[in-house]
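In: Next comes the sequence, and after it the predicted model I'd like to discuss.
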Amino acid sequence: MTSTGAPAAVVVPSEPVGTLPPAWRACVGTGRTREVLHADYRDSLAVVQDEIGFGATRAHGILHDDMGLVQPWSHEGRSGTRYGFAYLDLVVDTWLDAGMAPFLELGFMPAALASGDQTQFWWRGNVTPPRDHDAWADLVRALLRHLVDRYGIETVRTWPVEVWNEPNLPFFWQGADEAAYHRLYDVTARAVKDVDADIPVGGPAVSPGADDWLPRFAEHVAEAGVPCDFVSKHAYTSGPAQHVPFGTYQTLRPPQDLLDQFATPRSLLAGTALAGLPVHITEFSSSYRPDNPIHDTAYQAAYLAPVLAGGGDLVDSFSYWTLCDVFEEVGIPTAPLHGGFGLLGHRQLRKPVFHLYAFLARLGSSVLARGADHLVTRHPDGRVTALLWQPLDGAAPAEAGHRVRLDLPGAGPAVVTERHVDAERGNVRTAWQAMGSPLAPDHRALADLHDASAPSLLVRRVAADAGRRVVDVALGRHGIALVEVAGAPDQAPAWTHDGRLLGAAAPPGGADGAGPGAGGAR
């Protein structure tokens, strides 16, 4: 936890310089739609919504066969399709009950509609185009009409519909066939608007490194005259996968690279038919692998802090991938912490990056200062709350912590509350490794892991001098901190004196340094 170097002076003005956009928690990822029915997912959803409060979630596989939407039948020479919405309704109701709306990613291809048998993931999502595009359009219309009937048109008009997932990658879309994707988009977008003209539809949901798809997508949309209400893409900063059994390691680019990726759609689409549309980063993180230990570390939290602090200036939403580790793309995980994408590990184990989001949820809406290691905000009641972090470059771990000095406006004494998470404190992975990295912790060990994941808490007082309060904060290695400063007059009675805790008379003049109110005992 040692921090070195002179504190970085942050002179905070009295008046706000802006507001904190809500894009950072507008949406969060969910793995596969069917996984929403898992008890561990639902328990995690409750924790995340209670402590963070996301507005929406996006999941793969809403049309996958394990959701049972498309069910062909034949009888006495006749045939048809019944659409089954039982599991869909359970999923959507679960999200809505938690205060979260769906961001509808349409995929993967139901087997009854598929033109081929190529699949992706352990759970075999079909990635081929529809055999019959009219049948696909019928499915899209049936899905949306059901949602409208069940939840109301005004509600469904607030649920974006995204066409497919990363069609630029051949393992997500057969052959990475761009023309075939454009055809799928056209058919889908028109089917959406057949249900209601105001339901938003967009794409192309491309992965990093495929920004060249964006201007061509804009050109196609204009030439074909098809609707498009938003643009979506994904952002990750990891390099090639270095596989080991039950894990993957990767290099990382600096976190600024994520912000640069966020900015590319608006710059590339300037002057096109899609200029000015909302931009949604529907997946982002450091690594694109669901088994990279970086996701479980304090490094991940400090690394992503500047992205969460600044991403809302560039896009309308950026969706962390994912809410929890109930996630089965490469199979069922074998350890409670396995490098999964989630903010939460299994059994709701809070990872450091979960605390990053929970800290942001406690910030005020008025921004007083923002820099390379800080975001300082004010609440309507005058409290000042700051998110602090150790700047990281993605190339190497830090050898020590980081210090920040906050020079804040304010008169009178104040209470300072610091919550810390770093390589040692509030770090469930560190505790789990100290236990020997058990694959199946017993109930006692799980309770200890939950306790170990709680942020370290420090409460102290500071005085004001000439209308300013100076607060020095020592961040641990790979640390993030939530610092709250609020005016707090001392209400301890005059006879309170910690020098008399053992019954002795206080030295004359309080020579022990403890005066009235010292320690706040009463």
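Out: Arrived safely.
In: Please enumerate the helices of the stretch 151-300 of the chain.
Out: Assigned by DSSP state H, counting those that start in this stretch, the stretch 151-300 of the chain shows helices spanning 153-156, 178-195, 213-224, 256-269, 298-310.
In: most packed of the ones you listed?
Out: helix 298-310 (a mean of 25; mean count of other Cβ atoms under 10 Å). To be clear about C-beta, it is placed using only N, CA and C from the backbone, and glycine gets the same treatment.
In: ok, now which ones touch L343?
Out: Applying Cβ atoms under 8 Å, 6 or more residues apart in numbering, we find L343 in contact with 28, 48, 52, 320, 322-324, 350-351, 353-354, 357.
In: C-alpha coordinates for the lowest-mean-pLDDT helix or strand in the chain, PDB please?
Out: In the chain, no helix or strand scores lower on mean pLDDT, DSSP states H and E than strand 8-11, which sits at a mean of 83. Extracted C-alpha coordinates of strand 8-11, given in PDB (Å, rounded to 0.1, in the frame of the first residue of the first chain):
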ATOM      1  CA  ALA A   8      -0.100  16.100  -7.100                       C
ATOM      2  CA  ALA A   9      -1.800  19.300  -6.200                       C
ATOM      3  CA  VAL A  10      -5.300  19.600  -7.500                       C
ATOM      4  CA  VAL A  11      -6.700  23.100  -6.900                       C
END
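In: now for it, which elements pack on it?
Out: strand 366-371, strand 402-409 (3 or more Cβ pairs under 8 Å, 6 or more residues apart in numbering; DSSP states H and E).
In: list the helices and strands whichever helix or strand comes after that strand packs on?
Out: Sequence order places strand 18-19 as the next helix or strand after strand 8-11, per DSSP states H and E. Applying 3+ Cβ pairs under 8 Å, 6+ apart, we find strand 18-19 packed against strand 366-371.
In: ok, back up a step: now tabulate the helices and strands packed on strand 8-11 in JSON lines and tack on mean pLDDT and distance to T496.
Out: JSON lines is the format used below for the helices and strands packed on strand 8-11 (pLDDT from 0 to 100; distance: least, Cβ to Cβ, whole Å):
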{"stretch": "strand 366-371", "mean pLDDT": "97", "distance to T496": "34"}
{"stretch": "strand 402-409", "mean pLDDT": "96", "distance to T496": "27"}
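In: Next one: A492 from G467, what distance?
Out: Distance from A492 to G467, counting by Cβ to Cβ, to the nearest Å: 24 Å.
In: again but with G276, I slipped
Out: 44 Å.
In: follow-up on the earlier one: I'd like the helices and strands packed on strand 8-11 as CSV, with mean neighbour count appended.
Out: Shown next, in CSV, are those (neighbours: other Cβ atoms under 10 Å):
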stretch, mean neighbour count
strand 366-371, 19
strand 402-409, 20
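In: Now distance to A241 too, for these, in JSON lines please.
Out: Output for these, formatted as JSON lines (distance: least, Cβ to Cβ, whole Å):
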{"stretch": "strand 366-371", "distance to A241": "34"}
{"stretch": "strand 402-409", "distance to A241": "30"}
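In: Enumerate every residue touching S115.
Out: S115 is in contact with 109, 128-131, counting by Cβ under 8 Å, 6+ apart.
In: cutoff 10 Å now
Out: Taking Cβ atoms under 10 Å, 6 or more residues apart in numbering as the criterion, S115 is in contact with 109, 126, 128-133, 174, 180.
In: One more: C324?
Out: Contacts of C324 by Cβ under 10 Å, 6+ apart are 28-31, 35, 38, 40-45, 47-48, 340-349, 351, 354.
In: Equivalent analysis for V428, please.
Out: V428 makes contact with 296, 298, 336-337, 344-345, 349-352, 354-355, 421, 448-454, according to Cβ under 10 Å, 6+ apart.
In: same deal with A301?
Out: With Cβ under 10 Å, 6+ apart, A301 has these contacts: 308, 351-357, 359, 389-390, 392, 421-422, 426-427, 478-480.
In: Buried ones among these?
Out: 308, 351-357, 359, 389-390, 392, 421-422, 426-427, 478-480 (16 or more other Cβ atoms under 10 Å).
In: Give me the subset of those lying in strands.
Out: Secondary structure from DSSP state E places 389, 421, 480 of those in strands.
In: can you tell me which of those lies nearest to E328?
Out: V421 (27.9 Å; Cβ to Cβ).
In: where's the closest one relative to L344, distance?
Out: 14 Å.
In: which residues does I294 contact?
Out: Contacts of I294 by Cβ under 10 Å, 6+ apart are 238, 248-250, 252, 285-287, 300, 303, 339, 353, 394.
In: circling back to that earlier point, export the contacts of S115 to JSON lines and tack on distance to E223 and secondary structure?
Out: Output for the contacts of S115, formatted as JSON lines (distance: Cβ to Cβ, whole Å; DSSP: H, G, I helix; E, B strand; the rest coil):
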{"residue": "M109", "distance to E223": "26", "secondary structure": "coil"}
{"residue": "N126", "distance to E223": "29", "secondary structure": "strand"}
{"residue": "T128", "distance to E223": "25", "secondary structure": "coil"}
{"residue": "P129", "distance to E223": "20", "secondary structure": "coil"}
{"residue": "P130", "distance to E223": "22", "secondary structure": "strand"}
{"residue": "R131", "distance to E223": "26", "secondary structure": "coil"}
{"residue": "D132", "distance to E223": "24", "secondary structure": "coil"}
{"residue": "H133", "distance to E223": "18", "secondary structure": "helix"}
{"residue": "Q174", "distance to E223": "24", "secondary structure": "helix"}
{"residue": "A180", "distance to E223": "16", "secondary structure": "helix"}
